[in-house]
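Student: From the sequence below, what's the structure:
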Amino acid sequence: MDEGSYKVIYKGEILAGFEKQAVFREVARILSIDEKVVAKIINGERRVLRKGLDETSARRQCIQLKKAGLRVALGVPQNWQGAAAPPAREPAPGPKAPPAAAAEPERGAVVKPAAAVALPAKLPFEFSGNGSEYFRIWIVNILLTIATLGIYSAWAKVRNRSYFYGNTRVHGAAFEYLASPKQILKGRAIVGGVLIVYSLLSAFLPFVEVAFLAVFTLAFPWLVTRALAFNARHSAWRNIRFGFTSTYKEAFKVYMLWPALAMLTLGILAPYAFYRQRRYLVENSSCGQTRFTFQATGRDYYRIFMLLSLWTIAVVALFVVAAMVFMPLAILALPIYLCGFAFFTVKTGNLFYNASRLGAHRLASVMEVKGYVRLVLTNTLLTALTLGFFHPWARVRTTNYRLHHLSLVPSGDLESFVAGEQSQVGALGDASADLFDFDFGL
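Tutor: As a prediction, the model looks like this:
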């Protein structure tokens, strides 16, 4: 049997009890195509919606489309071997098809026109949050954290993360943040307890400071690894959890050894140290059981750092000259500094995402320096003028800009990838009992 020649066939009808526009929206989501294209396809004519699928993917899409309100059939290969022809039952009319309804095959089905609906070249990320809505969450989090002497901060973190995750969608599905506030609170209580003991002991035993610094230096790579694993394991998309696995040795090299070498070489190795950290984050991350890979090189980061260095020299020179000629002119250094910050963020951000791969799938980021400069300047100005109260709007605007310029570029059938990873959910589950939630994530 040809395992890759199954088809999903639209039989020219919308099931009874379904509203046409709602069907168009749901089918557009399932097939990842524009709703206007769906309206042209769902016009009463029998046609092939998808072809070249394996049996599992084809049956799954048939079930999804039936639930959405389409009458569809499974087209099996013409050389399909079976003891008897498979049943060709139609689901009973009604507002919803049975959850476990099997798609009925049509042996050697030939339907015209036979044009399959393919995934678009890019699946854009979407963000639906707004500043006013997030402001209410933000201000309540601050007030309750103050009122509870910091205890509510764990719940505040989960509310913040859940808001931004839940309003971020790709391929019709939102992300989820699954961490428990109580779990976060336990981790913070442990860290707080250690700091209190350190403060008490260092007041009477001066050598404790040196011992604490040595222990913290050795423990820092482990803390980073645990934090990354915590955040990854409590993030999910379409019921697929992310993951992060690394050894202490890897983390020590990336977060201790390379930064130390960068300082010893007076910054010459700083771009390479930054590159190693970016690569470490990506290549130790996974979506389900599929690992990410990173295609950038150290040379790519050296180019960005060299241009940034020239920009920094220009800012310093302008500040010195302005201070010598007319001191108030030195304030011009601030917007120029912000432009340099925007340049670095855009260039390293685009490189980070464009070099990341998930199996055969990849990401595409097309942020522009000019647009990001305007964003940074207006956010900084308005936040200063409102004494910080514009911060929620600034954060939403920044997130919206970055996601508006980010896309997922699928390679082949994304639904098959999703189904394959979802089958591994039980193996991942709640395997993590980590208590650390520091923000070192992607």
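Student: Kindly confirm my reading that residue 169 forms part of a strand.
Tutor: Yes - Residue 169: assigned to a strand according to DSSP: H, G, I helix; E, B strand; the rest coil.
Student: On the three-state scheme, the closest residue to it other than its chain neighbours is what?
Tutor: Nearest residue to residue 169, sequence neighbours excluded (C-beta to C-beta, 6 or more residues apart in numbering): residue 126, at 4.6 Å. The way it works is simple: take the backbone N, C-alpha and C, and place the C-beta from them, glycine included. Classification of residue 126 by three-state DSSP places it in strand.
Student: isn't residue 126 right next to residue 168, touching?
Tutor: Yes - Residue 126 is within contact range of residue 168, at 7.3 Å (criterion: C-beta atoms under 8 Å).
Student: Spit out the residues that contact those two alike.
Tutor: Residues touching both residue 126 and residue 168 (C-beta atoms under 8 Å, 6 or more residues apart in numbering) are residue 403.
Student: just the strands in the stretch 201-350 of the chain please.
Tutor: Secondary structure of the stretch 201-350 of the chain, counting by DSSP state E, counting those that start in this stretch: strands at 235-237, 240-244, 285-287, 290-294.
Student: list the buried ones in the last one?
Tutor: Buried residues in strand 290-294, defined by neighbour count with 16 or more other C-beta atoms under 10 Å: 290, 291, 292, 294.
Student: Neighbouring strands - and their directions - for it?
Tutor: strand 285-287 (antiparallel), strand 356-358 (antiparallel) (DSSP bridges).
Student: per-residue confidence averaged over the first one?
Tutor: Looking at strand 285-287 alone, the average pLDDT works out to 93.
Student: Do a quick rundown of the helices in the stretch 51-200 of the chain.
Tutor: For the stretch 51-200 of the chain, applying DSSP state H, counting those that start in this stretch gives helices covering 55-68, 131-147, 153-166, 181-204.
Student: circling back to that earlier point, pick out whichever of residue 126 and residue 168 has more residues nearby.
Tutor: residue 168 (21 against 16; other C-beta atoms under 10 Å).
Student: wouldn't the more buried one be in contact with residue 175 here?
Tutor: Yes - counting by C-beta under 8 Å, residue 175 is a contact partner of residue 168 at 5.0 Å.
Student: low pLDDT regions in the stretch 251-400 of the chain?
Tutor: 326-333 (pLDDT under 70).
Student: what's the spacing between residue 348 and residue 178?
Tutor: Residue 348 sits 29 Å away from residue 178, going by C-beta to C-beta, to the nearest Å.
Student: Between the helices of the stretch 51-200 of the chain, which one is closest to residue 5.
Tutor: helix 55-68 (9.4 Å; C-beta to C-beta).
Student: pLDDT of that closest one, averaged?
Tutor: The model assigns helix 55-68 a mean pLDDT of 80.
Student: and it, which residues are buried?
Tutor: Buried, per 16+ other C-beta under 10 Å, within helix 55-68: 55, 57-68.
Student: Remind me what that helix packs against, helices and strands.
Tutor: With contacts defined as 3 or more C-beta pairs under 8 Å, 6 or more residues apart in numbering; DSSP states H and E, the packing partners of helix 55-68 are strand 6-14, helix 20-31, strand 47-53, strand 70-76, helix 414-422.
Student: now with 7 Å?
Tutor: Under the contact definition 3 or more C-beta pairs under 7 Å, 6 or more residues apart in numbering; DSSP states H and E, helix 55-68 sits against strand 6-14, helix 20-31, strand 70-76, helix 414-422.
Student: Using JSON lines, please lay out the ones you listed together with mean neighbour count and distance to residue 407.
Tutor: Shown next, in JSON lines, are these (neighbours: other C-beta atoms under 10 Å; distance: least, C-beta to C-beta, whole Å):
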{"stretch": "strand 6-14", "mean neighbour count": "21", "distance to residue 407": "25"}
{"stretch": "helix 20-31", "mean neighbour count": "18", "distance to residue 407": "17"}
{"stretch": "strand 70-76", "mean neighbour count": "23", "distance to residue 407": "27"}
{"stretch": "helix 414-422", "mean neighbour count": "18", "distance to residue 407": "13"}
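Student: tell me, which of the ones you listed is the model least confident about?
Tutor: Ranked by mean pLDDT, these end with helix 414-422 in last place, scoring a mean of 67.
Student: list the contacts for residue 338?
Tutor: By C-beta atoms under 7 Å, 6 or more residues apart in numbering, the contact list for residue 338 reads 376, 377, 380.
Student: so of those, which ones are in helices?
Tutor: Of the positions in the contacts of residue 338, 376, 377, 380 sit in helices, assigned by DSSP state H.
Student: Most neighbours among those residues, which one is it?
Tutor: In those, the most neighbours by other C-beta under 10 Å go to residue 376, 20 neighbours.
Student: Do I have it right that it meets residue 344?
Tutor: No - counting by C-beta atoms under 7 Å, residue 376 stays clear of residue 344, with 11.0 Å between them.
Student: quick one: the residue nearest the centre of the chain from residue 357, how far?
Tutor: By C-alpha atoms, centre = their mean, the chain has its centre lying nearest to residue 175, at 7.4 Å. From residue 175 across to residue 357, the span is 19 Å (C-beta to C-beta).
Student: Likewise for residue 283?
Tutor: Taken as C-beta to C-beta, the span from residue 283 to residue 357 is 10 Å.
Student: Mutual contacts of the two, please.
Tutor: 292, 293.
Student: who's more crowded, those two?
Tutor: residue 357 (19 against 16).
Student: Relative to residue 336, how far out is the more buried one?
Tutor: According to C-beta to C-beta, residue 357 stands 36 Å off from residue 336.
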